[in-house]
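A.B. asks: Please find the sequence and the predicted model below.
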Amino acid sequence: MALPARSFKRQRGIAMIMALMLAAIAVTIVTAIYVQQRYSIRLTHNLQDLEQAYQYAQAAEVMASVWLKRDLKENQEDSRHDNWAQDLKPFEIDDDNGQAIGEVTIKIEDLQGYFNVNDIYAPKEKKPHPIMLKAFQKLLQTYDLPSSFAFSVLDWIDPDDKTSDPESAESDYYLMQTPEYRTTNEFIREVSELGLLRMGNIEDAKEKKQALTRLNPYIISLPTPTAININTALPEVLEAIGFTNAQSQAVIERAKAAPIKNIAALSSAVPGIEANALKVLSTQSNYFRLAGQVRLGRSRLFINSVLFRSPEGEVHVIMRNFDRPIKKKEKTDTVLN
């Protein structure tokens, strides 16, 4: 018995809808596979670019080490006149056909031109360094941070559990925080670590961060006590240790004209400098930072490495990360971070 025409048309309509649905599902699956494949290919290319960029970053560290080694053989002072301190043009990266596919941009700076927060404690004497502690307090006051914060840093570093000031803190204070933690009883490793410390009557985390943002352009944390290099020092750092504004400007102009080679002779060249200030100065440096970036294809890798050069001239990378370098205070027209 033949099906009624109406029923036949209905079945044909259902069959067409099913066919369209199957076709749509097939197209969706194929599209998803294609998109996933393209994503996988792009991800593979990006990972390859990042791996290659990492190799260029390591090459930049080796090149910086060579410059610093050579510099120690050429002269006994570190200044803005040295080859490593000059502005460098970006190094172009070419493919096999000579086409530019990226570039390496780097800058080396002397970290001993900043105030090393770890200098406020003298580990050999096992007591505060009076000159640097006073200087740090002055620097804090200049940028509207409580001077008692210097004692918080001191108590965070020193090995005992006794507070140095009523507004300072030791582990018993930090164990009452959420989350709780203890003082490290060792040198500050990263400047960002200061955000954990008690800061006088500033308790709000956002307000504390803003306060440290004002201070960060002038400070650094190095793994050992260091002298301040007079040839690369920031004027704010010089004034913190006792220079007047006129004296700091005179010294900076003198260092820009030619490297200062003798701290002892500085007092006659720039009269009136406090004797205590001269005690914490040097013309040489051991710690440097290599900062910059590698751009390769669509990938970009930041370089942020701390290099230590020993008195014998050996250079080692003691810290490496790939975060964007923190913006620091510019020292002169030739120095940036």
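C.D. replies: That came through fine.
A.B. asks: tell me the contacts of the closest residue in space to Arg182 that isn't next to it in sequence?
C.D. replies: Nearest non-adjacent residue to Arg182, counting by Cβ to Cβ, 6 or more residues apart in numbering: Ser171, 4.2 Å away. Heads up, the C-betas are built off the backbone N, CA and C, glycines and all. Listed by Cβ atoms under 8 Å, 6 or more residues apart in numbering, the contact set of Ser171 reads 161, 182-183.
A.B. asks: and those residues, which are buried?
C.D. replies: Thr183 (16 or more other Cβ atoms under 10 Å).
A.B. asks: Distance of the residue nearest to Arg182 relative to Tyr181?
C.D. replies: 8 Å (Cβ to Cβ, to the nearest Å).
A.B. asks: The residue nearest to Arg182 and Val280, how far apart?
C.D. replies: For Ser171, the distance to Val280 (Cβ to Cβ) stands at 30 Å.
A.B. asks: where does the stretch 201-337 of the chain have low pLDDT?
C.D. replies: The stretch 201-337 of the chain contains residues with pLDDT under 70 at 326-337.
A.B. asks: residue boundaries of the helices in it?
C.D. replies: In the stretch 201-337 of the chain, the helices defined using DSSP state H, counting those that start in this stretch lie at 205-215, 235-240, 245-257, 266-269, 275-279.
A.B. asks: Return the set of buried residues in the first one.
C.D. replies: Put plainly, it is helix 205-215. Of all the residues in helix 205-215, those buried under the rule 16+ other Cβ under 10 Å are 208, 211-212, 215.
A.B. asks: What ranges does the stretch 1-150 of the chain have for its helices?
C.D. replies: Using DSSP H, counting those that start in this stretch, the helices of the stretch 1-150 of the chain run over 5-74, 130-142, 149-157.
A.B. asks: Nearest to Asn262, out of these?
C.D. replies: helix 5-74 (17.7 Å; Cβ to Cβ).
A.B. asks: quick one: average pLDDT of the closest one?
C.D. replies: The pLDDT scores in helix 5-74 average 81.
A.B. asks: ok, now which ones touch Glu74?
C.D. replies: Asp82.
A.B. asks: coming back round to it: now the residue nearest to Arg182: how far from Ser148?
C.D. replies: For Ser171, the distance to Ser148 equals 18 Å [Cβ to Cβ].
A.B. asks: same check, this time on Ala277
C.D. replies: Ala277 is 23 Å from Ser148, by Cβ to Cβ.
A.B. asks: Look up the pLDDT of the residue lying closest to Asn185 once chain neighbours are set aside for me, please.
C.D. replies: Nearest in space to Asn185, with sequence neighbours left out and distances taken as Cβ to Cβ, 6+ apart, is Pro159 at 5.0 Å. Here the pLDDT value assigned to Pro159 is 95.
A.B. asks: Helix, strand or coil: sort out Pro159 for me.
C.D. replies: coil (DSSP: H, G, I helix; E, B strand; the rest coil).
A.B. asks: can you count the residues close to it?
C.D. replies: 10 (other Cβ atoms under 10 Å).
A.B. asks: Repeat that for Ala291.
C.D. replies: 21.
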